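*Asks:* Sequence and predicted structure are below.
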2 protein chains.
Amino acid sequence: MKKKKVSIYDIANRLEISSSTVSRALNDHARISEKTKLAVRRVAKELGFEKNHLASGLITNKSFTISIIVPAVNRNFFASAITGIEKVASENGYTVLICQSHDQYEREVKLIDTLIINRVDGIIASLAINTEEFDHFRKAKNAGIPVVFFDRVCHEIEDTFKIVVNDFNGAYLATRHLAEQGFKRIAHIGGYQSQNIFRERLAGYKKGLSEFNLPFDEGLVRYCALNTDDGTKLTEELLQLKPRPDAIFCANNLTAISALAYAMDHNIKVPEALGIVGFSEETVSSLLKPAITSIRQPSEQMGKLAAQKLLEEIDAESSDNMDYTEIELRTELIVRASSKLE
Amino acid sequence: MKKKKVSIYDIANRLEISSSTVSRALNDHARISEKTKLAVRRVAKELGFEKNHLASGLITNKSFTISIIVPAVNRNFFASAITGIEKVASENGYTVLICQSHDQYEREVKLIDTLIINRVDGIIASLAINTEEFDHFRKAKNAGIPVVFFDRVCHEIEDTFKIVVNDFNGAYLATRHLAEQGFKRIAHIGGYQSQNIFRERLAGYKKGLSEFNLPFDEGLVRYCALNTDDGTKLTEELLQLKPRPDAIFCANNLTAISALAYAMDHNIKVPEALGIVGFSEETVSSLLKPAITSIRQPSEQMGKLAAQKLLEEIDAESSDNMDYTEIELRTELIVRASSKLE
DNA sequence: TAATTTTATGCAATCGGTTGCATTAGAATT
DNA sequence: AATTCTAATGCAACCGATTGCATAAAATTA
């Protein structure tokens, strides 16, 4: 049984004033004298008063809770984004509800429903890999709940902030780097093209190729859910092609790691016989032998920005005058052993 | 601006009955006729009614929210425990609030305060590595909020459920395995001994040694926070000893991965010149070359159990008749290349 | 000193459900 | 037909904080 807690009425009784005065004093209302405010604060502290958010939320129609929906929390990129979001949120007195879609569209839809019912004040989301339809987010918007997308964003809904990195450029940097190292047949393990970011990464890959006059060959490209199983299977497929590709640019890091594992299993020397570059970093990227070259994304920064934009929108009186820009951050190429031919 | 929503009063008006009847009908109260219930449900659906949890929570003093506090969400063990907790929680209509202590005692204390203020219905926690004092958890208990510990548990507070694995046995299995493979000088990178699980793992290690008549040598043991930096530094220290250890049993997986990385950097062949075994699995454990032998923990199962026990305690009228057992699950040795001499 | 303004506080309704107790209508019993 | 019982529903208080409006007290002005 949860204990009864100290309420503003207890403070009011003790000081023989009304509860409205206590409420106003605690909220630092201008119409309350300094003397009363001090007294109220003192007694509040004395009794160990803690505001009941349920009660104030009921009347102000706010929960001071925002929610994050990500595919999975155990990927480094999302974990650091979450860390960034949490920092900004807690600074502003918000609690953060973390939800995992496990990259399943159906779960994402259900989660949004739950969040609407629970009246969260805002939602930050990165789409499940198979989400191609966005009515659930529109439903949230219609319920008056602001939505901010990051990384895997939805362009179909225009009145939302979007925080992305320059995926095109990142992929271009990665591919160019491989070409500069002298690799000639550069394959690509990409994500399903339903997600914009993976289309961008494919486009950047193409640009990287063409800049070095390397032909784009659809046969060297594979699309998948970017998990380890896919990575292993598709690496095998690619490496059985004749002639064999001499490098792979992977659209995420898990597939890059599985590509590396596959190569080593089959005595294919990395980077001599196969150059590998990944996208976004895992904690272990630098620990693997050879360490994996990768595109670093400012994940925590993205999280912070997403949270800031969301709070901005929550605080705005009406969302009519919102300037819904898409914010694009820069990526960085981190060269490690898996792609360096010297 | 959040939109006004349909309330039970809207349903009551439409049907020209009282709000209490609507409330009871929706809660399937025995005293309401089937006919009325059906009508209420129909209209509720028609109008798109969604119960306001703030309002009902205010009066029932429940939030239908439970919270998890873990050191970090981006470790595989915690991520799967969270997944387990979420499954059980959502089946029972609870929302899960995930918090990260980032392995810092101070943050853990703050988080608990926030949770108490937010009136969560229960807390599931795995301690920060430097938590040696538990008043914050007692405070939660005193506020009437049940606490369940898992993995890194607190034995000082007796009236809580605790879900653990047999750390002693896991460590014993790991060490015995190394000894069986013929390794003679087995070192140990352990966690700070403030945490019970790391004391257990050390004890299991000792038993494994003694069973094979290998002497326990304090000089071969190091204690740390078990992050990658510590792992790298301490591996270096250990490998510079003369005579050099020929195997390392690491108390977690991150340190095992860094030990492997260090060895490969310095041309020390694994497993021939150095056997490595870790504790608990990361997604990449099996992808590394050589793949790392490890102790597998039933992490999702632990999460499920923790959630079940917590809900049990929440539902119990008074906590007097709770049977606070410590539940111990089994670990399993997964032998991979990093320790197999053949 | 009376009238007016300013400042500080209280009253009471409200948010949206829940619940103990009272009430009504209808069925069952005598 | 009168009485008792039961099933179904309504009344109204309540959870704890917020807030528009009223009012009292103090300060200022005429």
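*Replies:* Everything's here; your move.
*Asks:* gap between the residue in the stretch 101-250 of chain A that DNA strand C sits nearest to and chain B?
*Replies:* Relative to DNA strand C, the nearest point of the stretch 101-250 of chain A is A:Arg119 (9.5 Å; C-beta to the nearest atom of the strand). In short, each C-beta sits where N, CA and C put it, glycine included. As defined by C-beta to the nearest C-beta, to the nearest Å, A:Arg119 lies at a distance of 7 Å from chain B.
*Asks:* Surely that residue forms part of a strand?
*Replies:* No. With DSSP: H, G, I helix; E, B strand; the rest coil as the criterion, A:Arg119 is assigned coil and is not in a strand.
*Asks:* Quick one: neighbours of it, just the number.
*Replies:* As a burial measure, A:Arg119 scores 21 neighbours (other C-beta atoms under 10 Å in any protein chain shown).
*Asks:* From B:His53, how far off is it?
*Replies:* Using C-beta to C-beta, to the nearest Å, we find A:Arg119 at a distance of 7 Å from B:His53.
*Asks:* Pull the distance from stretch A:211-221 to the chain's centre.
*Replies:* 31 Å (C-alpha atoms, centre = their mean, to the nearest Å).
*Asks:* Next, the distance between the ends of it.
*Replies:* Its first and final residues considered, stretch A:211-221 spans 18 Å by C-alpha to C-alpha, to the nearest Å.
*Asks:* what about the helices in chain A?
*Replies:* Per DSSP state H, chain A has helices spanning A:8-15, A:19-26, A:34-47, A:53-60, A:76-91, A:105-117, A:135-142, A:167-180, A:196-211, A:228-239, A:253-265, A:299-315. These are given in chain order.
*Asks:* what pLDDT, on average, does the fourth one get?
*Replies:* Averaged over helix A:53-60, pLDDT sits at 90.
*Asks:* ok, now the second one?
*Replies:* Averaging pLDDT along helix A:19-26 yields 95.
*Asks:* if you look at it, does any of it touch DNA strand C?
*Replies:* Yes. Under the criterion of C-beta under 7 Å from any atom of the strand, DNA strand C is reached by helix A:19-26 at A:Ser19, A:Ser20, A:Thr21, A:Arg24.
*Asks:* ok, the second one to A:Gly275 distance?
*Replies:* Read it as A:Ser20. Separation of A:Ser20 from A:Gly275 (C-beta to C-beta) stands at 71 Å.
*Asks:* same check, this time on A:Val164
*Replies:* The span separating A:Val164 from A:Gly275 equals 27 Å under the rule C-beta to C-beta.
*Asks:* ok, and which of the helices of chain A has the densest surroundings?
*Replies:* For the helices of chain A, ranked by mean neighbour count under the definition mean count of other C-beta atoms under 10 Å in any protein chain shown, the leader is helix A:253-265 at a mean of 24.
*Asks:* contacting residues around it?
*Replies:* Applying C-beta atoms under 8 Å, 6 or more residues apart in numbering or on different chains, the contact partners of helix A:253-265 are A:75-76, A:189, A:224, A:226-232, A:234-236, A:239, A:248, A:250, A:269-270, A:273-274, A:276-282, A:284-285, A:288, A:290, A:292, A:294, A:338, B:283-284, B:287-289.
*Asks:* Go back to the residues you listed and keep what's next to DNA strand C.
*Replies:* With the criterion set as C-beta under 7 Å from any atom of the strand, no member of these is near DNA strand C.
*Asks:* Emit the PyMOL select command for whichever of those residues are buried.
*Replies:* To isolate the buried members of the contacts of helix A:253-265 in PyMOL, using 16 or more other C-beta atoms under 10 Å in any protein chain shown:
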select buried, (chain A and resi 75+76+189+224+226+227+228+230+231+232+234+235+239+248+250+270+274+276+277+278+279+280+281+282+284+285+288+290+292+294+338) or (chain B and resi 283+284+287+288+289)
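*Asks:* picking up where we left off before, just want to know which of A:Val164 and A:Gly275 has more residues nearby.
*Replies:* Here A:Val164 and A:Gly275 are set side by side on neighbour count (other C-beta under 10 Å), and the busier one is A:Gly275, at 24 against 19.
*Asks:* what's near enough to touch the nearest residue to that one once chain neighbours are set aside?
*Replies:* Nearest non-adjacent residue to A:Gly275, counting by C-beta to C-beta, 6 or more residues apart in numbering or on different chains: A:Ala247, 3.6 Å away. Residues in contact with A:Ala247 (C-beta under 8 Å, 6+ apart) are A:Leu178, A:Gln181, A:Phe183, A:Arg185, A:Ile186, A:Ala187, A:Pro271, A:Leu274, A:Gly275, A:Ile276, A:Val277, A:Ser339.
*Asks:* near DNA strand C, which residues of the stretch 1-150 of chain A show up?
*Replies:* Counting by C-beta under 7 Å from any atom of the strand, the positions of the stretch 1-150 of chain A adjacent to DNA strand C are A:16-21, A:24, A:31-33, A:35-36, A:55, A:58-59, A:61.
*Asks:* Among these, which ones lie close to chain B?
*Replies:* When contact is defined as C-beta under 8 Å from any C-beta of the partner chain, those meet chain B at A:Ala55, A:Leu58, A:Asn61.
*Asks:* Sketch out the low-pLDDT regions of chain A for me.
*Replies:* Per-residue confidence for chain A (pLDDT under 70) gives these ranges: A:1, A:317-320.
*Asks:* returning to what we had before: correct me if wrong: the residue of the stretch 101-250 of chain A closest to DNA strand C contacts B:Lys2.
*Replies:* Yes. Contact criterion C-beta atoms under 8 Å: A:Arg119 and B:Lys2 qualify, at 7.2 Å.
*Asks:* Which positions in chain A make contact with DNA strand D?
*Replies:* Where chain A comes near DNA strand D, counting by C-beta under 7 Å from any atom of the strand, the residues are A:4-5, A:7-9, A:19-20, A:23-24, A:26-27, A:49, A:51-52, A:55-56, A:58-60.
*Asks:* Show me what the closest residue to A:Ile98 other than its chain neighbours is bridged to.
*Replies:* Nearest residue to A:Ile98, sequence neighbours excluded (C-beta to C-beta, 6+ apart): B:Ile98, at 4.2 Å. According to DSSP bridges, the residues that bridge with B:Ile98 are B:Ile68.
*Asks:* Would you mind listing what in the stretch 151-300 of chain A touches chain B?
*Replies:* Near chain B, when you scan the stretch 151-300 of chain A using C-beta under 8 Å from any C-beta, you find A:228, A:254, A:257-258, A:260-261, A:264-265, A:282-284, A:287-289.
*Asks:* Could you tell me how many residues sit around A:Glu332?
*Replies:* When neighbours are counted by other C-beta under 10 Å, A:Glu332 comes out with 12.
*Asks:* ditto for A:Gly190
*Replies:* 25.
*Asks:* wouldn't it be in contact with A:Arg201 here?
*Replies:* Yes. Contact criterion C-beta under 8 Å: A:Gly190 and A:Arg201 qualify, at 6.3 Å.
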